[in-house]
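S.K.: predicted model and sequence follow; I will ask about them next.
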Amino acid sequence: MQLTKQNLTQVDFTKSELIPAIVQDARTGVILMQGFMNQESLEVTFEKQKVTFYSRSKNRLWTKGETSENYLEVVSVHTDCDYDSILVLANPLGPTCHLGTQSCFGDAAKPSLSFLAQLEQVIVSRKNDDPEKSYTASLFAKDLSRSCQKVGEEGVEVALAAMKHDNEELTNESADLLYHLIVLLQRQGLELQDVVACLQGRHK
């Protein structure tokens, strides 16, 4: 169940004053960290829109990022079927772990498809780089028609590779197509999540 300020009382703190709270990257699906919340920290999480735990070591409320400024901005909060654990979808503002990794479970602990969301962020970060040094930046510097052309070319290459039953070439050309498609979407002010939302709408 998704939680709102109006239904926070649904969470069952009668079993324990502290319940586990898992934080997941809203874009990539990567599990970022796990902590504990009490009723007050859950309320503060909604008030600040930043993930706030109850720290057992500090014996107080603790907003993730209060020192490093690597906050976890709340997208949505959910409870499980027994109402005694919490899942927070958040956008991380920098590395989550104090060791400098994206996740407290290690950078290797991530779904393979989450790389597409990471690639999208890399592409966004390179939009304004030097076109002479960055192929991505060079695409953004050129006319939109060039990006459209690249998507068309790579789409044809994908089809030709499939017709030849060359799976290695098909894999490589598909990677090129996905990359250039993300660039084209960005140039039009769209993201992968917009495409996913379209697919989800069709799936109903």
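M.R.: Ah, there it is. Residues are numbered from 1 along each chain as shown.
S.K.: relative to its centroid, which residue of the protein is most remote?
M.R.: Computed with CA atoms, centre = their mean, the residue of the chain farthest from its C-alpha average is K164, at 35.8 Å.
S.K.: give me the pLDDT for that residue.
M.R.: pLDDT for K164: 96.
S.K.: burial count for K142?
M.R.: Look at K142: counted by other CB atoms under 10 Å, it has 14 neighbours. For glycine as for every other residue, the C-beta is placed from the backbone atoms N, C-alpha and C.
S.K.: any idea how far it lies from L18?
M.R.: According to CB to CB, to the nearest Å, K142 stands 55 Å off from L18.
S.K.: same question, Q39
M.R.: Using CB to CB, Q39 is found at 10 Å from L18.
S.K.: just V196 next, same as before
M.R.: Distance of V196 to L18, given as CB to CB: 35 Å.
S.K.: who's more crowded, the two?
M.R.: Under the criterion of other CB under 10 Å, the comparison of V196 against L18 puts L18 first, with 15 against 12.
S.K.: that one and R56 touch, don't they?
M.R.: Yes - at 7.4 Å, L18 counts as touching R56 under the criterion of CB atoms under 8 Å.
S.K.: shared neighbours of those two, which are they?
M.R.: F36 (CB atoms under 8 Å, 6 or more residues apart in numbering).
S.K.: what pLDDT does the residue nearest the centre of the chain get?
M.R.: Geometric centre of the chain, nearest residue: R27, 1.9 Å, by CA atoms, centre = their mean. What the model reports for R27 is a pLDDT of 86.
S.K.: let me see the contact set for it.
M.R.: N91, A117, Q121, Q193.
S.K.: repeat that for D143.
M.R.: Contacts of D143 (CB under 8 Å, 6+ apart): none.
S.K.: just the pLDDT at it, thanks.
M.R.: D143 is given a pLDDT of 96.
S.K.: gap between it and Y71?
M.R.: For D143, the distance to Y71 equals 38 Å [CB to CB].
S.K.: now V151
M.R.: Using CB to CB, we find V151 at a distance of 36 Å from Y71.
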